[in-house]
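K.L.:
Following is a predicted model, sequence given first.
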Amino acid sequence: MGLGKSEKKGRIKRLLKDKHVDIVFFQETKQAVDSENVARKLWGYRNMEFMSVDPVGSAGGLLCIWDPSVFQLSGCCCTRRSFSFADQKKNYVYAYLNRADVQEALHANVTKLSYDWEPCSRVIRRWEDSPSTIIPLLQELMANGLRVWVFSGDLDGRLPVTSTKYSINKMKLHLKTPWHPWYLNGEVGGYTEVYKGDLTFATVRGAGHQVPSYQPARALSLIMHFLAGTPLPNSTTLLQ
């Protein structure tokens, strides 16, 4: 088919957008796709990942583009003529939150935005109206008698547990309940400690940056105990 002409790329881009395509394959691209800019001209500004195989001379060439919030690639193998993908997992949260009836029930997307909801938006690229720290906000909440829980996935490489601990330490709070494991279904769900002023810090074992995506049961237990105003189960209670 060839991807060389800008007019053809424009038609493909409009088609992918109109049909809300989550993954697309091209063959006979007849063009090396050696940068994100080339794939972006086809996919637009939505979240994306891609793989490509360069053509040989003026023949061949493969390109696959997909939305990583819908498909998660765990392995692949490619030759001059084919792609083979392993364990692509459908993200039903993405599909669910982009349903028109769900958005209506949540009173979301009332302005009918032209792009989909995504876990991490690439539409908003420069966020300039947020504070550099929320420590003053946490202190205000605690001063008004509100409970505060702070949690981190212990595998989170973006906002690691150590970073969260450094932030809490800056508040210079006195420890009320020392560091100890909390449990779910007889297994360690993570570790927790409680500070005077009613601030609880908890880790979630085996969770990355988006905790519910990695450990939904442990995330649910965390939220349920917060809403109920009860401490996380320790080794003597082993409650759900």
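P.N.:
That came in fine, so what should we check first? Numbering: from 1, shown residues only.
K.L.:
Got the domain ranges for the chain?
P.N.:
9-89, 135-228 (automatic domain parsing).
K.L.:
In terms of mean pLDDT, which of the ones you listed ranks lowest?
P.N.:
Per-stretch mean pLDDT for the domains of the chain is lowest at domain 9-89 (a mean of 76).
K.L.:
distance between that domain and the chain's centre?
P.N.:
Chain-centre distance of domain 9-89: 21 Å, with Cα atoms, centre = their mean, to the nearest Å.
K.L.:
Stretch 181-189 now?
P.N.:
With Cα atoms, centre = their mean, you get 24 Å for stretch 181-189.
K.L.:
buried set for that stretch?
P.N.:
Neighbour counts using 16 or more other Cβ atoms under 10 Å place 181-184, 189 of stretch 181-189 among the buried residues. Where you see a C-beta, it was placed from the backbone N, CA and C, and this is true even at glycine.
K.L.:
And the furthest pair within those residues?
P.N.:
Pro181 and Leu184 (10.5 Å; Cβ to Cβ).
K.L.:
does Ala32 count as helix, strand or coil?
P.N.:
coil (DSSP: H, G, I helix; E, B strand; the rest coil).
K.L.:
burial measure for the closest residue to it other than its chain neighbours, as a count.
P.N.:
When the adjacent residues along the chain are set aside, Ala32 lies closest to Asp54, with 4.4 Å between them (Cβ to Cβ, 6 or more residues apart in numbering). A count of nearby residues for Asp54, using other Cβ atoms under 10 Å, gives 14.
K.L.:
how about Asp54, what does it touch?
P.N.:
Contact analysis of Asp54 by Cβ atoms under 8 Å, 6 or more residues apart in numbering lists 32-34, 60-61.
K.L.:
Please report how far it lies from Gln103.
P.N.:
Going from Asp54 to Gln103 by Cβ to Cβ, to the nearest Å gives 41 Å.
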